[in-house]
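Chemist: Here's my sequence, what's the structure:
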Amino acid sequence: MSISICLAAIWAILILRSGLAEYKYYQSVKELEPEIWAQLGAPKYFKVPVAFVSSKGVKLLQGASNKTVLALASKHRQAGIQLLSYVVLVLVACIVYFKVA
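Modeler: Down below sits the predicted model:
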């Protein structure tokens, strides 16, 4: 029981970290790269992630020149990779455990 609580706590921390990194990245683009934000269509609320992952959005964001935006983009990507890696690791461990048990 304590193992599952510990795994869930780690997962929650990683989710919060990833969400915060994503929010900071979006806000930095909005404030520091207003031209790119305007070309994305100044998305609001739930449209923001869609605008950032669209093919047009990815091309626009690759042209960002602000160092803060680039650093936050890197942190956003790193947080996402770490979250997905953790989920995959836990799933593989669970599969192996239940196959052996």
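Chemist: residue ranges of the strands in the protein, please?
Modeler: Taking DSSP state E, the chain contains no strands at all.
Chemist: what's the residue nearest in space to the middle of the chain in contact with, if anything?
Modeler: Closest to where the C-alpha atoms of the chain average out (CA atoms, centre = their mean) is residue 80, at 4.2 Å. Residue 80 sits next to 18, 21-22 when contact means CB atoms under 8 Å, 6 or more residues apart in numbering. All C-beta atoms are positioned from the backbone trio N, CA, C, and that covers glycine.
Chemist: how near is it to residue 5?
Modeler: Per CB to CB, to the nearest Å, residue 80 is found 24 Å from residue 5.
Chemist: got it, and residue 77?
Modeler: The spacing between residue 77 and residue 5, counted by CB to CB, is 29 Å.
Chemist: Mind checking which of the two has more residues around it?
Modeler: Just comparing residue 77 and residue 5: by other CB atoms under 10 Å the higher neighbour count belongs to residue 77, 12 against 9.
Chemist: need the contact list for residue 38.
Modeler: Residues counted as contacts of residue 38 (CB under 8 Å, 6+ apart): none.
Chemist: oh sorry, the question was meant for residue 94
Modeler: Going by CB under 8 Å, 6+ apart, the list of residues near residue 94 is empty.
Chemist: ok, it to residue 62 distance?
Modeler: When residue 94 is compared with residue 62 (using CB to CB), they lie 37 Å apart.
Chemist: same deal with residue 38?
Modeler: Going from residue 38 to residue 62 by CB to CB gives 17 Å.
Chemist: cool, and residue 91?
Modeler: On the measure of CB to CB, residue 91 and residue 62 end up 32 Å apart.
Chemist: List the buried residues of stretch 10-17.
Modeler: Neighbour counts using 16 or more other CB atoms under 10 Å place 14, 17 of stretch 10-17 among the buried residues.
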